[in-house]
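Engineer: I would like to see how this sequence folds:
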Amino acid sequence: MDKLALKKKRFSRRRIRVKKKVRKNTELFRLCISRSNKNFFAQIIDDSKGHTLVSSYEFSADWPNWELHPAGDEVVILLSGQATMLLQHEHGVEQIELLKANDCCVVPSNTWHTAKIADTAKMLFVTPGAGTVQRKA
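Structural biologist: As a prediction, this is how the structure comes out:
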C-alpha cells in the first residue's frame, strides 16, 4: 500500500472513531466547521434534538429563499460587509440595513425573512432551528 492510500485509510478510521464518540455524548454541543472554495461555515449543533443553535456563514449573493422560524426569535449579527434583511409583515415588507460590523437585528418568530447582499457579507445567526420552513424567494 502506498503512502497516500495508507494516509487516507488512517484518516478515515480516525474520522469514524471520533464520530462515534461524539454521537455517544449528547450532553455536549457539537462544533462543525467546513469550507468550500468560496465560503467558510461554522455551526454549533445540538445533536440530541438535531438543531443548529449558532451558525456563521459568508454570502456572496442574495439568499435564494425566504425562511421562517416558529420556535422563537432569531438574532442576526453582521460580522463584515453589508446586507439588507427583508422581513415580511402583514402590512408589507420591512427593510433593515446592516451596514457595518456588529450591526444586528432580531427577526421575530413566525416572520418570513430573507437577505439581500451587497458584494459579500459574513453573518452570525442565533436561531431556534426547530420547525424552520423555507420557500423560494
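
Engineer: so the spatially most central residue of the chain bridges to which residues?
Structural biologist: The central residue of the chain, meaning the one whose C-alpha is nearest the mean C-alpha position (C-alpha atoms, centre = their mean), is Ser55 at 3.8 Å. With DSSP bridges applied, Ser55 shows beta-bridge pairing to Gln43, Phe125.

Engineer: That one contacts Phe40, doesn't it?
Structural biologist: No - applying C-beta atoms under 8 Å as the test, Ser55 and Phe40 come out as separate, 11.4 Å apart. For every residue, glycine as well, the C-beta is placed using N, CA and C.

Engineer: Distance-wise, check Ala42 relative to Ile117.
Structural biologist: For Ala42, the distance to Ile117 (C-beta to C-beta, to the nearest Å) stands at 18 Å.

Engineer: quick one: which of those two has more around it?
Structural biologist: Between Ala42 and Ile117, counted using other C-beta atoms under 10 Å, the more crowded position is Ile117 (17 against 14).

Engineer: Grab the nearest non-local neighbour of that one.
Structural biologist: Excluding its sequence neighbours, the residue lying closest to Ile117 (C-beta to C-beta, 6 or more residues apart in numbering) is Phe59, at 4.7 Å.

Engineer: Show the contacting residues for that neighbour.
Structural biologist: If a contact means C-beta atoms under 8 Å, 6 or more residues apart in numbering, then Phe59 has 39, 81, 83, 115, 117, 120-123 as its contacts.

Engineer: Same question for Leu53.
Structural biologist: Here Leu53 is in contact with 29, 44-46, 126-127, 129 (C-beta under 8 Å, 6+ apart).

Engineer: Now intersect those residues with the strands, please.
Structural biologist: Among the contacts of Leu53, the ones falling in strands (DSSP state E) are 44-46, 126.

Engineer: Cheers, nothing more for now.
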